[in-house]
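Student: Here is my input, please return the structure:
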Amino acid sequence: MPLNQDEKKEVLADTGFISEKIKQRPINRKKLLRRTAITFFLAIVFGIVACFTFLFLQPVFSDKLYPEAEPEPISFPEEEVQDELTPEEMFADEFQIAEVEAQYLEANQKDQIDEAIASYAFSASDYSKMMYSLKGVAQSVGTSIVTVTAVSNDTNWFSESFESSGSASGVIIANNGSSYFIVVPSSAISEAESIKVTFVDGSMANAELKLADDVTGLSVISVSRSDLTENTRNKVTTSFLGSSNNGTMTGLPVIAVGSPIGIQGSISYGIITSEKTTLNLEDSYYKLLTTDIYGSTLGSGVLANLNGQVIGIIDMSYNTEDLENHICAIGITELKTLFEDLSNGRNRAYMGIHGTTIPADILEQQNIPAGAYITKTELGSPAMQAGIQSGDIITAIDGVEVSSYEQFISKLAQCSPDDIITVAVKRQAPNDYIELDIEVTLSSATHN
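Tutor: You can find the predicted model right below:
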């Protein structure tokens, strides 16, 4: 028969068991606080480690899972024929005019036309309209012109101003969707700790140097489009690079935009006075455009035609002493391949020769081999170290024949620094020309 509760107590008492009341252990508050603090500290450390791990690995995973499309390399389209009249077009127009005149003669109206033309007098209003039209073209070109400032010290605790070591006008030559690419004289940014660019609406952004060319003294810098507001991006344009090698340009009107008189935003008008001068620069055949525009020896910017196309980059360092203030520019046609290389970060090969192409009639008269005639080798250049001399004629490069200096330069532009090339040279001997194969180790004509 089961025992009730009282009976169980009596049995336990009789058998000698001790009845104890179990009490809970007292709480050690110091120990609890210490454990809580340690746990909290470890949680913070874990959070920091997890955060930094995410920051470092997130771009990697993002690039792997959602790779962004690489921007297209910068390239310029083939030159288009400008609207300037060629001699052939002018000749054709003369026939058209003759046909029209014949029609009017048949209608007995020629005298009336001649009288109307002779009696028309251009007024100040006509001149004003013409100048407003030119100003409109200049303003259109001006949306692609920027002011590039070399900042030597941008730390100022008392104001937002910065100390600059110089500035010049640059031109936006390309836009690959993520960055603007700007050509600027290297001398303007050579001492820069940082580079700032001011756009047409006055907004500013930081720029990075892509590459600088040691031969021409021109650099390409880039500005991220994301650093500009949408409003600024809508106002900024990319210049249209025209042609400086399209027929006879001498005597045609041009506009100097940027800072031709040394003041940012200045504009000047004039005509091209010459276009055939080849600059005596190594590994190149750049052409110089001279004008009758009076400017500053510190001028910069671009020359544009009346269609708003850039045809030259202003560079005052090639002026003669008697015309040192007349605006001159390097023709844009030969610069396009250079701009492509600098914008794409592609270093250009350097050999260090000056040369020319001997006219065909002289080649025939004096029995001179066709090729790139070397007029000078730069001191310490790869060409001089390889033994190439002035008077040598380069007839082939890596087995590919070249019949002119221009062809040789085009072939050299396809090479890279540190390439070892073999040039076939004909050197004049007492009786005839001897053939030599010379290996040249190229160096670099660019830096960043």
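Student: Tell me where the stretch 1-150 of the chain is predicted with low confidence.
Tutor: Counting by pLDDT under 70, the low-confidence segments of the stretch 1-150 of the chain come to 1-32, 40, 52, 54-70, 79-114, 116-118.
Student: Off-centre distance for stretch 172-184?
Tutor: Per CA atoms, centre = their mean, to the nearest Å, the displacement of stretch 172-184 from the mean C-alpha position of its chain is 6 Å.
Student: Where does the prediction get shaky in the stretch 151-300 of the chain?
Tutor: 153-165.
Student: mind listing the strands for it?
Tutor: With DSSP state E, counting those that start in this stretch, the ranges of strands along the stretch 151-300 of the chain come out as 163-175, 179-185, 194-198, 204-213, 218-224, 253-259, 266-278, 287-294, 300-304.
Student: Quick one: closest of these to Leu412.
Tutor: strand 204-213 (14.0 Å; CB to CB). Heads up, the C-betas are built off the backbone N, CA and C, glycines and all.
Student: buried residues in that closest one?
Tutor: Residues Met204, Ala205, Ala207, Leu209, Lys210, Leu211, Ala212, Asp213 are the ones in strand 204-213 that count as buried (16 or more other CB atoms under 10 Å).
Student: of all these, which comes closest to Gln264?
Tutor: Met204 (13.2 Å).
Student: Report the beta-bridge partner residues of the closest one.
Tutor: Per DSSP bridges, the residues bridged to Met204 are Thr198.
Student: thinking again about what came up before, of all the strands of the stretch 151-300 of the chain, which one comes closest to Ser125?
Tutor: Closest among those, once you apply CB to CB, is strand 266-278, at 18.7 Å.
Student: How far away from the center of its chain is the closest one?
Tutor: 22 Å.
Student: before we move on, what about stretch 228-246?
Tutor: Here the centre of mass of C-alpha atoms in stretch 228-246, compared against the chain's by CA atoms, centre = their mean, lies 12 Å away.
Student: what's the span of that stretch, first residue to last?
Tutor: Distance between the two ends of stretch 228-246: 36 Å, counting by CA to CA, to the nearest Å.
Student: Stretch 176-191 now?
Tutor: First-to-last distance for stretch 176-191 - CA to CA - comes to 28 Å.
Student: picking up where we left off before, out of the buried residues of strand 204-213, which is nearest to Leu252?
Tutor: Closest approach to Leu252 among the buried residues of strand 204-213 (CB to CB): Asp213, at 27.8 Å.
Student: so who does the closest one touch?
Tutor: Applying CB atoms under 8 Å, 6 or more residues apart in numbering to Asp213 gives the contacts Ser186, Ser219, Leu338, Leu342, Arg348, Ala445, Thr446.
Student: Buried ones among the residues you listed?
Tutor: By 16+ other CB under 10 Å, the contacts of Asp213 give Ser186, Ser219, Leu338, Leu342, Arg348, Ala445, Thr446 as buried.
Student: Out of these, which two sit at the greatest distance?
Tutor: Maximum pairwise distance among the buried ones among the contacts of Asp213 (CB to CB): 13.9 Å, between Ser186 and Arg348.
Student: ranges for the helices of this structure?
Tutor: 5-15, 29-65, 87-106, 110-119, 124-142, 230-235, 332-343, 360-365, 382-386, 405-412 (DSSP state H).
Student: a markdown table for the buried ones among the contacts of Asp213, including distance to Met384?
Tutor: Formatted as a markdown table, the buried ones among the contacts of Asp213 follow (distance: CB to CB, whole Å):
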| residue | distance to Met384 |
| --- | --- |
| Ser186 | 24 |
| Ser219 | 26 |
| Leu338 | 23 |
| Leu342 | 26 |
| Arg348 | 19 |
| Ala445 | 15 |
| Thr446 | 20 |
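Student: ok, of these, which one's closest to Asn431?
Tutor: Ala445 (37.5 Å).
Student: Please name the residues that touch the closest residue to the closest one other than its chain neighbours.
Tutor: Sequence neighbours aside, Tyr350 is the residue nearest to Ala445 in space, at 3.7 Å (criterion: CB to CB, 6 or more residues apart in numbering). For Tyr350, the contact set (CB under 8 Å, 6+ apart) comprises Asp214, Val215, Glu282, Asp283, Ser381, Pro382, Pro417, Leu442, Ser443, Ser444, Ala445.
Student: which residues touch Gly262?
Tutor: So Gly262 contacts Gly295, Ser296, Leu298, Gly299 (CB under 8 Å, 6+ apart).
Student: Now do the phi/psi pair for the nearest residue to it once chain neighbours are set aside.
Tutor: Excluding the flanking residues, the one nearest Gly262 by CB to CB, 6+ apart is Ser296, at 3.3 Å. Ser296 has phi and psi values of phi -100, psi 150 when expressed as degrees, to the nearest 10.
Student: Pick the most deeply packed of the strands of the stretch 151-300 of the chain.
Tutor: Among the strands of the stretch 151-300 of the chain, ranked by average contacts under mean count of other CB atoms under 10 Å, first place goes to strand 300-304 (a mean of 29).
Student: Between strand 287-294 and that one, find me the angle.
Tutor: 100 degrees (axes from the mean of the first three to the mean of the last three CA atoms, to 10 degrees).
Student: what's the angle between strand 300-304 and strand 253-259?
Tutor: 160 degrees.
Student: can you start the count at 466 instead of 1 from here on
Tutor: Done: numbering now begins at 466, and the last item shifts to strand 765-769.
Student: Export only the CA atoms of strand 765-769, formatted as PDB.
Tutor: C-alpha atoms of strand 765-769 as PDB (Å, rounded to 0.1, in the frame of the first residue of the first chain):
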ATOM      1  CA  SER A 765      47.400  77.900 -76.000                       C
ATOM      2  CA  GLY A 766      44.200  76.300 -77.300                       C
ATOM      3  CA  VAL A 767      43.200  75.200 -80.800                       C
ATOM      4  CA  LEU A 768      42.800  76.500 -84.300                       C
ATOM      5  CA  ALA A 769      39.400  75.700 -85.900                       C
END
